[in-house]
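> Return a 3D structure for these sequence lines:
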Amino acid sequence: MNLKSLGYNQTFEESFKEYENQSLIPGRISIEHKGLYRVLTESGELLGEITGKIRFNAEGRQDFPAVGDWVAVQAIPSEGKAYIHGILPRKSKFSRKAAGVTTDEQIVATNVDTVFLVNALNQDFNLRRLERYLLMAWESGAAPVIVLSKADLCEDIQTIMDEVESIAFGVPVFAVSSETGMGLDALSDFIKEGQTVALLGSSGVGKSTLANKLFGSEVLKTNEIREEDGKGKHTTTHRELLVLESGGILIDTPGMRELQLWEGDSSLSQSFQDVESLAQECRFRDCTHNNEPGCAVQSAIDTGDLDEDRYNSYLKLQREMAYFARKEDQKLALAERAKWKKIAGDRTRVHRK
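Numbering: from 1, shown residues only. Model (predicted):
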């Protein structure tokens, strides 16, 4: 395989120099499944597993390989195997909080250049959900592109596009149809040789169908959506990196029914420029935007210049990030305490010997 077509560039080449004298070669993770990894290398596709050193030194999920990662591997082509010795620094990382009550990170995709945020133009379309995706896309370090799929099912595309553009400042928005081919050529412009695009969105929005169209053949399974509510089942059950004949790279991801933030504080201002700009115009610097006189935010809501649902979405995301930050601080403190307790225990055992 050609490393350049997989997205290998000068930045990754520089990062790999520390492994050059260890008989290792670069590879890219295409599939992650229960501790095993499919790794694409110039020696072909290999089944990889991590070394004990990586496992021992790992402090969290971010220290394990994820789909899209460039890794340093010891390749054994004759057996179709590889041992992963290191992960190259990531240029972007799309993460969310893992589903459930625990505070754990789930890495969706790494080293992505462009994120296609796919939303279906049917009865399941949700502007608030799109705000959340936008926030996470900005935080990942990749450039977001909004893809409004299933345009053939929508009678008033322009109205929805206007609504989307009102919350997506400077983000390209495209209405497409995998059935008719509408708008697909415009998306192809983002998928050049060595460029990686991740498809993100809820179940049933047509990510796998879109990937098949862009790939040019049926490489991914697809399901029909439920007609009564426009929602779909999980078709893609794992993240997968696909290399197009043109040299572009697609990462398809499972539909996300639960999308909780992992990070996002630094991107809230970028996603909600309108709200934060209004806040700067309030009479009082510490305005809470409730009952204070001269509040520009409440004034904009009263006049209809700011949608109240959008402002409430902004507040909800703020509260969610603040709550998560407190939980993460507690988790880090407990981990640090356990680390030093283990060190103290090891020293005690050595002293007794």
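> Please make it C-alpha for all contacts and neighbour counts, starting now.
OK.
> okay, how far is it across stretch 171-191, tip to tip?
Taking Cα to Cα, to the nearest Å, stretch 171-191 runs 17 Å from one end to the other.
> what does that stretch contact?
When contacts are defined by Cα atoms under 8 Å, 6 or more residues apart in numbering, stretch 171-191 is touched by residues 114, 144-152, 157, 161, 164-165, 197, 209-210, 213-214, 248-249.
> same question for that stretch, mean pLDDT?
Averaged over stretch 171-191, pLDDT sits at 92.
> Begin at 284, not 1, for the rest of this chat.
Okay, residue one is now 284; in that scheme the one you just asked about reads as stretch 454-474.
> For this structure, just list every one of the helices.
Counting by DSSP state H, the chain has helices at residues 293-299, 335-340, 410-423, 440-450, 467-471, 490-498, 551-554, 556-562, 579-586, 591-635.
> contacting residues around Asp396?
With contact set as Cα under 8 Å, 6+ apart, Asp396 has these partners: 375, 425-426, 478-480.
> Show me the two of those that sit farthest apart.
Farthest pair in those (Cα to Cα) is Ser375 and Gln478. Separation: 12.7 Å.
> which neighbours do these two share?
Contacts common to Ser375 and Gln478, judged by Cα under 8 Å, 6+ apart, are 395-396.
> Was I right to think Arg311 contacts Val356?
No - contact criterion Cα atoms under 8 Å: Arg311 and Val356 do not qualify, at 9.6 Å.
> For stretch 590-602, which residues meet the burial criterion?
593-594, 596-597, 600 (16 or more other Cα atoms under 10 Å).
> I should have written stretch 286-293 there, sorry.
288-291.
> and of those residues, the nearest to Arg566?
Gly290 (50.0 Å).
> how's this protein carved up into domains?
Per automatic domain parsing, the structural domains of the chain span 287-370, 376-535, 555-636.
> Could you tell me the least trusted of the ones you listed?
domain 555-636 has the lowest average pLDDT among the domains of the chain, namely a mean of 76.
> From Gly363, how far out is the residue nearest to Glu528 when sequence neighbours are not counted?
In this structure, Glu528 finds its nearest non-sequential neighbour in Phe498, 7.6 Å apart by Cα to Cα, 6 or more residues apart in numbering. Separation of Phe498 from Gly363 (Cα to Cα) stands at 26 Å.
> can you give me how far the lengthiest strand in the chain is from the chain middle?
Criterion DSSP state E: the longest strand present in the chain is strand 308-316. Its chain's C-alpha centre and that of strand 308-316 lie 17 Å apart, by Cα atoms, centre = their mean, to the nearest Å.
> Packing partners of it?
Under the contact criterion of 3 or more Cα pairs under 8 Å, 6 or more residues apart in numbering; DSSP states H and E, strand 308-316 touches strand 319-324, strand 353-359, strand 523-526.
> Output it in PDB, but only the C-alpha positions, please.
What follows is strand 308-316, C-alpha atoms only, in PDB (Å, rounded to 0.1, in the frame of the first residue of the first chain):
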ATOM      1  CA  ILE A 308       7.500   0.500  10.100                       C
ATOM      2  CA  PRO A 309       4.600   3.000  10.100                       C
ATOM      3  CA  GLY A 310       1.000   1.700   9.700                       C
ATOM      4  CA  ARG A 311      -2.500   3.100  10.100                       C
ATOM      5  CA  ILE A 312      -5.300   1.600  12.200                       C
ATOM      6  CA  SER A 313      -8.300   0.800  10.000                       C
ATOM      7  CA  ILE A 314     -10.400  -1.200  12.400                       C
ATOM      8  CA  GLU A 315     -10.400  -1.700  16.200                       C
ATOM      9  CA  HIS A 316     -12.200  -4.800  17.600                       C
END
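> follow-up on the earlier one: just the buried residues of the contacts of stretch 454-474.
397, 427-435, 444, 447, 480, 492-493, 496-497, 531-532.
> Next, the contact list for the residue positioned nearest the centre of the chain, please.
The centroid of the chain falls nearest to Phe377 when counting by Cα atoms, centre = their mean (2.8 Å). Neighbour list for Phe377: 390-393, 419-420, 422-424 [criterion: Cα under 8 Å, 6+ apart].
> In JSON lines: those, plus neighbour count and distance to Phe457.
Shown next, in JSON lines, are the contacts of Phe377 (neighbours: other Cα atoms under 10 Å; distance: Cα to Cα, whole Å):
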{"residue": "Ile390", "neighbour count": "19", "distance to Phe457": "26"}
{"residue": "Val391", "neighbour count": "20", "distance to Phe457": "23"}
{"residue": "Ala392", "neighbour count": "26", "distance to Phe457": "22"}
{"residue": "Thr393", "neighbour count": "26", "distance to Phe457": "24"}
{"residue": "Met419", "neighbour count": "27", "distance to Phe457": "19"}
{"residue": "Ala420", "neighbour count": "26", "distance to Phe457": "17"}
{"residue": "Glu422", "neighbour count": "23", "distance to Phe457": "22"}
{"residue": "Ser423", "neighbour count": "25", "distance to Phe457": "21"}
{"residue": "Gly424", "neighbour count": "20", "distance to Phe457": "21"}
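> quick one on the thing from earlier: who has more neighbours out of Phe498 and Gly363?
Counted by other Cα atoms under 10 Å, Phe498 and Gly363 do not tie: Phe498 has more neighbours, with 20 against 13.
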